[in-house]
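Asks: coords please:
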Amino acid sequence: MKPSEADPSVKNWDSAHRVIYDKAIKNNKVLLWLTGTGGSTDHVPQSFFKTVLDQGYRIIALSFMSAPGVSQVCKGDYLSQNVDCAAEFRRKRIYGDNTFLPIPDQYQDAIIPRLTKLLQYLSKNDKEGVWSQYLDQNTGKPLWSKIAIAGQSQGEEWQNLLPSMSL
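Replies: Next comes the predicted model:
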């Protein structure tokens with residue numbers, strides 16, 4: 001499903017999320033897959049995903065703005081003038097809550113808002129999947145204790161910046 005189906009305010013980077021799971025397994029955890037720079041959900045690591053599914057996880061390969069990458073923005077004179085460039089870049093790409101101007105991302109383009117909207121959409125539209133178990137019932141935000149994170153390049157770097165979780 002496209003991000004704009006879960007959040008009509010999404011106008012950029014609207015390629016489909018991939019949601020893969022075994023409906024027979026009701027109480028499993030989710031692996032959030034984040035692609036590398038310029039990547040998309042069209043090309044995912046099939047063997048890795050098979051292993052993850054075999055372990056009882058659900059997989060969400062999230063579509064989000066993966067270009068430009070931090071190394072394409074935070075370099076040269078710009079980096080020497082802004083030593084917090086990489087942290088500010090990643091914060092905007094993950095949370096969408098700062099005013100880091102060198103990248104065009106809007107709030108609805110960020111990883112956590114997209115994941116939140118997707119989980120809310122799935123909980124309403126795929127009742128059999130019991131997706132509400134991955135949302136905090138008080139806040140409607142992701143329940144990080146049930147979500148593992150993996151990815152390539154950017155995805156690997158961001159694991160340390162997303163909310164803490166325990167598996």
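Asks: Ramachandran coordinates for the residue nearest the centre of the chain?
Replies: Centroid-nearest residue in the chain, with Cα atoms, centre = their mean: residue 111, separated by 4.1 Å. Per-residue torsions, residue 111: phi -60, psi -50 (degrees, to the nearest 10).
Asks: Surely it is in contact with residue 93?
Replies: Yes: under the criterion of Cβ atoms under 8 Å, residue 111 makes contact with residue 93 at 6.6 Å. Bear in mind the C-beta positions are built from the backbone N, C-alpha and C, glycine included.
Asks: how about residue 9, what does it touch?
Replies: 106, 108 (Cβ atoms under 8 Å, 6 or more residues apart in numbering).
Asks: at 10 Å instead, please
Replies: Counting by Cβ atoms under 10 Å, 6 or more residues apart in numbering, residue 9 touches 3, 106-109, 113, 117.
Asks: now swap in residue 122 and tell me
Replies: Residue 122 is in contact with 1, 6, 17, 19, 21, 58, 60, 129-132, 134-135, counting by Cβ under 10 Å, 6+ apart.
Asks: Could you look up the SS state of the residue of the chain positioned farthest from its centre?
Replies: In terms of distance from the mean C-alpha position of the chain, residue 77 ranks first, at 30.1 Å (Cα atoms, centre = their mean). Classification of residue 77 by DSSP: H, G, I helix; E, B strand; the rest coil places it in helix.
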